[in-house]
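Peer 1: fold the following and give me the result.
(one chain, ligands or ions: 3)
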Amino acid sequence: MPSISMEQPIHFPQPIHHPKHFDLGSAHEVPDSHTWPTIQPNPPNGPNESIPVIDLSSPDVISLIGHACESWGVFQVISHGVDLNLLHNLESQARRLFSLPTQQKLKAGRSPNSISGYGLAPISSLFSKLMWSEGFTISGSPLDHARSLWPDDYFNFCEVIEEYNKEMKRVAERLMQLMLLSLGLTEETIKWAGPMNELQDISSVLQLNSYPACPNPDRAIGLAAHTDSSLLTILYQSNTSGLQVLRPNKESSPTQWVTVPPIPGALVVNVGDLCHILSNGRFHSVVHRAVVNRTEHRYSAAYICGPPAHVKVSPIVKPVGPAYRPITWREYLGIKARLFDKALASVIISEEDHNDNSTCLLSCV
Ligand SMILES: C=C1C[C@]23C[C@@]1(O)CC[C@H]2[C@@]12CCC[C@@](C)(C(=O)O1)[C@H]2[C@@H]3C(=O)O
Ligand SMILES: O=C(O)CCC(=O)C(=O)O
Ligand SMILES: [Fe+2]
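Peer 2: Ligands and ions are numbered 1, 2, ... in the order given. From the prediction side, this is the model:
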């Protein structure tokens, strides 16, 4: 399965912080290094604030997905065909990994010029306070890192990760196809740039997240508010809640955090920045965060899915007015690492400049 090319690493600035590997699991209080000044609380979800739950076998699936991507930028899917045992096995492997002693986990630490490995979430370096989480990023084969973690017992981890990635790729391709159909493309016009049908060749990164129970959840954040840079992200959040999305601004109503309630066996789908670009803003790249709680250790797995490395993404429907310029995932990640929440706005160009679409991901219709 293709991963993002690592010839030229994407440099998130290196963390400037404090104790990089403070043991969160055994903390009795939140140290200053992890204390965030204000974590905007989320009110209880109101009656009109349910994030869509879409049955992938529904006859209306295309319009349901289109509507969810436009109004929320996030939805949950059921009837996706992924075996529940695989989801449980993935969670067990994540638990096994993050339960290792810190010194052992650091043997698989993310090196400065690689995407993969154990460490803080890459966006950590953009904040002065640390987050209440650890991550393990897998781009390509997990083998080398798994061998460093469990020299005599790495096989099970690799087997589960590979099976999980295979299943997520299948679901991601289906979802991407449904999203494109809902944008008005037909089966025939879903044509990726290049000689082959490269929809079969999506790139992906698997991010395992661990959020230990926290003695003061009101002062700490698991993962700070962000959008994913992907086309789409498929998140498995098991049975412990923590994922919140910022409800897009409706006329006159203030933006607010809404909890994505865990549904056994469901997968959460986030629209990412590249899909926002692809739809020229019609689909909404959703701002989300992970909060922590006092008693439960939470794990999640994000399958972050983008176009093949060499493919540029640009709006598929020829827009009138300003539009996003064609861009590869790698280039966009570089911009995101510098500009973070200003990255999307920085790739908008004027009408006169968006006539060159020779390299775009999909033929413009
Ligand atoms: C390909 C990537 C997307 C990602 C940065 C990364 O290089 C590898 C991990 C991804 C992740 C997962 C946690 C949240 C996030 C914002 C981060 O810090 O690392 C995302 C990045 C992203 O989607 O931009
Ligand atoms: O753990 C979660 O609920 C969110 C994880 C996430 O946003 C990510 O990995 O990008
Ligand atoms: Fe995310």
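Peer 1: low-confidence regions, the protein specifically.
Peer 2: Applying pLDDT under 70 to the chain flags residues 1-21, 42-48, 188-201, 250-253, 351-365.
Peer 1: quick one: name the residues of this protein near ligand 1.
Peer 2: 4, 10, 115, 121-123, 137, 205, 207, 226, 228-230, 302, 304, 333, 336 (CB under 6 Å from any ligand atom). No exception for glycine: its C-beta is placed from N, CA and C like everyone else's.
Peer 1: restrict those to those near ligand 2?
Peer 2: Among these, ligand 2 is touched by 207, 228, 302 when using CB under 6 Å from any ligand atom.
Peer 1: what's the closest of these to ligand 2?
Peer 2: A302 (3.4 Å; CB to the nearest ligand atom).
Peer 1: what about the strands in the stretch 51-200 of the chain?
Peer 2: For the stretch 51-200 of the chain, strands defined by DSSP state E, counting those that start in this stretch occupy the ranges 53-55, 74-78, 117-119, 134-138.
Peer 1: go on, the stretch 201-350 of the chain?
Peer 2: Counting by DSSP E, counting those that start in this stretch, the strands of the stretch 201-350 of the chain are 203-211, 223-226, 232-236, 243-246, 257-259, 267-271, 288-290, 298-306, 323-324, 348-349.
Peer 1: can I get the ones you listed in CSV including mean neighbour count?
Peer 2: Converted to CSV, the strands of the stretch 201-350 of the chain look like this (neighbours: other CB atoms under 10 Å):
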stretch, mean neighbour count
strand 203-211, 23
strand 223-226, 19
strand 232-236, 24
strand 243-246, 22
strand 257-259, 19
strand 267-271, 25
strand 288-290, 22
strand 298-306, 25
strand 323-324, 24
strand 348-349, 14
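Peer 1: let me have the ones you listed in JSON lines, adding distance to S57 as columns.
Peer 2: Shown next, in JSON lines, are the strands of the stretch 201-350 of the chain (distance: least, CB to CB, whole Å):
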{"stretch": "strand 203-211", "distance to S57": "24"}
{"stretch": "strand 223-226", "distance to S57": "32"}
{"stretch": "strand 232-236", "distance to S57": "17"}
{"stretch": "strand 243-246", "distance to S57": "24"}
{"stretch": "strand 257-259", "distance to S57": "26"}
{"stretch": "strand 267-271", "distance to S57": "14"}
{"stretch": "strand 288-290", "distance to S57": "26"}
{"stretch": "strand 298-306", "distance to S57": "21"}
{"stretch": "strand 323-324", "distance to S57": "33"}
{"stretch": "strand 348-349", "distance to S57": "38"}
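Peer 1: nearest to F127, of these?
Peer 2: F127 lies closest to strand 223-226 among the strands of the stretch 201-350 of the chain, at 5.9 Å (CB to CB).
Peer 1: what helices and strands are in contact with the closest one?
Peer 2: The helices and strands touching strand 223-226, judged by 3 or more CB pairs under 8 Å, 6 or more residues apart in numbering; DSSP states H and E, are strand 288-290.
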